[in-house]
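what follows is a protein structure lacking sequence information:
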């Protein structure tokens, strides 16, 4: 045991040897925060031990002293960290300390526990101001392409690791297309890039893609996950709602490279800006995306607070809904102070109808009014002459319903109000002119176009109280709007006017003094481009979250984000870095390099990009941007058993092949591909999608109608562009995978062709079905069974791992 | 998150089994696939740590936490003391999830408890069907959880860890035993009512290989979509296509040994087999009226808890190793006496029918059936904040009831006693970790030796805890 410990200490010294002496604040405190404070704190002192107070650390706990300054080997703390007895080994509720971490602690003890002090929750790394770290020194100065790489390489070198080599040119092109646009490059684009010999061909490509309007769709969709965008309201009723204008605003904002600060302020308080515009009002729809059931309005407001925490601050504010936050310095009162910002805001319909649409609606309304007027006149006449009408009817009672006859026979003075109403309605139904008018009115109502609306915020002030134990029906102390005290203050006059309140909140979120916003935002952007985040718990930067290995990189990037205030700017910096351009090949990754960004990641395309990729390659993809959501095919039965009915009238023509982000989202029952391929959770902000890999996904790619149609269209294309099998297969690989086919691959596909030809040769019906609506014209020389065989080949291409992976 | 390559994983498994010389090979591994020319790799028999009493598990996870006091754990003293304040000694230790009053009051049950079967076990009038099978069941009245929060308690119950990121029960079992079914995923998930708060994390694979993830059936419409090949594509044509896909994927995998490709290759093989196996699985037309009536299924086309119970039996029949049913919502903070009867009506008959059905088909002896929530409910009343709304029960983690059947479980047994007001266990405390250790034990796995190395550390389902509760078993 003693021997083992000695080895550890030596190892620790060696590992820490790179730096200077061990610093409590820099080296030890992050470990205590990540591994120890959870159980050994003021509220929960397991084993009678608190590690957040200097005197308590020195005194020890129930098991006695834990530290002997200068003597790591005899310190209980080290013994418990290293214990081979699992019931004794610390920490009990976190992953074991690595050898390097153990070494750090040992060395700190050996060096005389310098710097030990009382620690407050707010000292957490993520709550400290963002620093602008100076560039570390590195050995290999040839690798870095920009500052990002210097930070990444410094840590790799420290760990004795090498970056993966740069990916091939074509792989980079393909990666950039998927990452920035969400679609693959065409053969032409591959050729152009490969033949571009200019030194900055890559950077120019990046610039070109960043100005492509499909960039806004790709990155807008990422943002819509955070916005919990859907086309229905959620909860059991899940009624439809119109808010697609907000979706389109997000796309425009990314394409116009709206400054990040404006992007946020407009979404939080765009309806209240002094210079409010149609666009800023639409932007305020961000929080109107919350699920809403009129009966529990406060749930939507709670969601707005919680989403604000998760999206902009990386805080789990919801933990302070019922009581003070257990680990982060957010009190319940502060939670409801944030609530107050949103309590006085409701989602209302904002009419965006064009003058043309408005005049059409007005035209119909005018006719409706005339109709209604004449109906009213007739009804008035009937009321006036009711007695004579009754008398006339009694003259000729044949064919009159018995119940009506009884009514008719009641003498006028004895008629009740209900009798009168019933009689009037009887004579109304007998009036042929009125019948015609009523039919016309119904027709007009059907014709009346819907206004073009979108949900936006509107202010309707109301007082805010704390919900006792989170119960909206148990009101406690009244509170004013405000922000958590552990963060820099909001501008002091924010309460001066209700109209400036939410705007001030937005400005507070994006203020440079806010230590969380830039770090949280850049961490997610990094995660999308590198596959892994710098801070893995990307929606929780709270006290429980350990300082990341790459905190300097994080702060460097956060500084860049603040300085550039541009999504395109920071994305450009990242994709131009060498770390982004590394190969994703598995052989270049070592387990030690996992958290150090050694090598790029391969990951499966998200559900929307999967579909867009297939449609793009097949030539079916419709590139129109924005507009009302569409209804591509989906299996029957998906909308059954809902509390309220939902319609799905399958789109025909171009709308069938729009990008996946335009598919109508019934929040309760989304398109099944969404759930099969890990689409966003639509009930709250989805800050990160999972990436599962299950057989149901293979079934979908094989058999879902949209992928089948794409394969049929691709087969039609390939048969039209080339004549020989060899050329056709080569073209398919170039189009679908952007690379040359290899001989072994060609053999497999040729064999498949042979097999499929044999199968379809003897079954014309099957061949016709397999080709579907994409049969070639009759004059074309390719037989139906040949075409069917090629559909099989194209289906094969579209099911390949390489086809659905971003590498 | 770092994942090991499949080769590393297989080596690890081999090493793991080599070290456990106590291997007992007793399970049959049908290879139905050779005929299809797919999935022809040989599957070796799992090496067990000891003789198992069960091969499969069905966990009927009752989300939201059913009330033990109104269903399975009668407390005459609690009934007598109904309305009295909870004694200070308890109050000092308890942290309620929602109750905020200083002096909450004890609440008995309005439901009548009677003894049932030869074993004479107590069941309330709300669960008449379960009452009918008590001689097959072992009740444990002293289960213990830790988290008051549903989300974390669900994770604790389903992954052995109170936070996200760990493999789920089914994944650990697949890791230990492999799948017996070549035609269906080895771990399948059925949901009804309210979905679990921790969602897919309750059946995720964590750091274990992706093929060990639970496969959830759709809750709207057909349970599994896309089972039919595209129009015009015969089984033969589809088979050739899938084979070409995997031959090309295999080339890719040789070039780049990403474990995701390995998983995908396995998924395509499985997907193709599911095209013929799953429709047969989902087609309930072969089930007799008598069977449908046994479960209380009125419309087999409509998703329901009862249909899921029947599907669970059909899955186990087809060799699926681990089936988990999630059903909610039992979270009766208010109006418990208005809502609990309905929840029981929805589930009681089908839960009991599953046990009966497994038994008559001879499957019960090999299948460990588990019924229970993520924790229990309080012995004190929770007043609603809404005027006029009836009372409910708050969460309670110290002691609650679960029941077990089949798979070597002692029949008609009652394990564990709680104090007079059902607050604490007085005997046989069963922590969640103990439950997990015991479940693995039934399957022939030692929870201390079923480990997986990840980020430099050996992980277990039971972390550093857990004791096998041998008293659950008959012998």
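Yep, that arrived. From a predicted model like this one, the values you see are computed outputs, not experimental measurements.

all helices of the stretch 701-807 of chain A, in order?
With DSSP state H, counting those that start in this stretch, the ranges of helices along the stretch 701-807 of chain A come out as A:705-721, A:725-737, A:743-761, A:764-771, A:784-798, A:801-804.

how about the second one, does it reach chain B?
No. Applying Cβ under 8 Å from any Cβ of the partner chain, one finds helix A:725-737 out of contact with chain B, separated by at least 10.0 Å. Glycine gets a C-beta too; all of them are placed from N, C-alpha and C.

could you check the angle helix A:705-721 makes with that helix?
Interaxial angle of helix A:725-737 relative to helix A:705-721 (axes from the mean of the first three to the mean of the last three Cα atoms, to 10 degrees): 140 degrees.

buried residues in helix A:725-737, which are they?
When burial is assessed from 16 or more other Cβ atoms under 10 Å in any protein chain shown, helix A:725-737 yields the following buried residues: A:725, A:728-729, A:731-737.

the fourth one now?
Neighbour-count burial for helix A:764-771, counted by 16+ other Cβ under 10 Å, picks out A:766-768, A:770-771.

what is that helix packed up against?
Using 3 or more Cβ pairs under 8 Å, 6 or more residues apart in numbering or on different chains; DSSP states H and E, the elements in contact with helix A:764-771 are helix A:705-721, helix A:743-761, helix A:784-798.

please repeat the previous calculation with a cut-off of 6 Å.
Using 3 or more Cβ pairs under 6 Å, 6 or more residues apart in numbering or on different chains; DSSP states H and E, the elements in contact with helix A:764-771 are helix A:784-798.

ok, residues contacting the helix it packs on?
The list of residues contacting helix A:784-798 from outside it, by Cβ atoms under 6 Å, 6 or more residues apart in numbering or on different chains, reads A:614, A:711-712, A:714-715, A:719, A:732, A:736, A:749, A:753, A:756-757, A:760-761, A:767, A:770-771, B:241, B:244-245.

which residues of the stretch 301-450 of chain B lie near chain A?
Within the stretch 301-450 of chain B, the positions lying close to chain A (Cβ under 6 Å from any Cβ of the partner chain) are B:385-386.

what strand or helix carries the residue in the stretch 301-450 of chain B that chain A sits nearest to?
Relative to chain A, the nearest point of the stretch 301-450 of chain B is residue B:385 (4.2 Å; Cβ to the nearest Cβ). Per DSSP states H and E, residue B:385 falls between elements, in no helix or strand.

so it touches residue A:470, yeah?
No. Between residue B:385 and residue A:470 there is no contact under Cβ atoms under 6 Å: 10.1 Å.

what's the local residue count around the closest residue in space to residue A:581 that isn't next to it in sequence?
Among residues not flanking residue A:581 along the chain, residue A:166 sits closest, at 5.2 Å (Cβ to Cβ, 6 or more residues apart in numbering or on different chains). Residue A:166 has 16 neighbouring residues, counting by other Cβ atoms under 10 Å in any protein chain shown.

what's across from residue A:166 in the sheet?
With DSSP bridges as the criterion, residue A:166 is bridged to residue A:582.

just the pLDDT for it.
For residue A:166, the pLDDT comes out at 97.

any idea how far residue A:146 is from it?
14 Å (Cβ to Cβ, to the nearest Å).

list phi and psi for residue B:459.
Dihedral angles of residue B:459 (phi, psi; degrees, to the nearest 10) stand at phi -100, psi 150.

chain neighbours aside, what residue packs nearest to it?
Nearest one to residue B:459, counting by Cβ to Cβ, 6+ apart, is residue B:452 at 5.2 Å.

for that neighbour, pull up the helix or strand it's in.
With DSSP H and E as the test, residue B:452 turns up in strand B:451-454.

hmm, who's touching that strand?
The contact list for strand B:451-454 (Cβ under 6 Å, 6+ apart) reads B:207, B:458-460.

out of the residues you listed, which sit inside strands?
B:458-460 (DSSP state E).

number of nearby residues for the nearest residue to residue B:207 once chain neighbours are set aside?
In space, and not counting its chain neighbours, residue B:207 is closest to residue B:454: 4.3 Å by Cβ to Cβ, 6+ apart. When neighbours are defined as other Cβ under 10 Å, residue B:454 has 19 of them.

returning to what we had before: can you tell me which of the helices of the stretch 701-807 of chain A is packed in deepest?
Compared across the helices of the stretch 701-807 of chain A, helix A:784-798 shows the largest average neighbour count, a mean of 25 (mean count of other Cβ atoms under 10 Å in any protein chain shown).

so what's the spatially most central residue of chain A scoring on pLDDT?
The residue lying closest to the centre of chain A (Cα atoms, centre = their mean) is residue A:225, at 1.7 Å. pLDDT for residue A:225: 97.

quick check: the gap between it and residue A:608.
10 Å.

residue contacts, residue A:698?
Contacts for residue A:698 (Cβ under 6 Å, 6+ apart) come out as B:267-268, B:271.

which secondary structure elements does the longest helix belonging to chain A sit against?
In terms of residue count, the longest helix belonging to chain A (DSSP state H) is helix A:355-384. Helices and strands touching helix A:355-384, by 3+ Cβ pairs under 6 Å, 6+ apart, are helix A:432-447.

the helix it packs on: what's the following helix or strand?
strand A:453-459.

how far off centre is that following strand?
21 Å (Cα atoms, centre = their mean, to the nearest Å).
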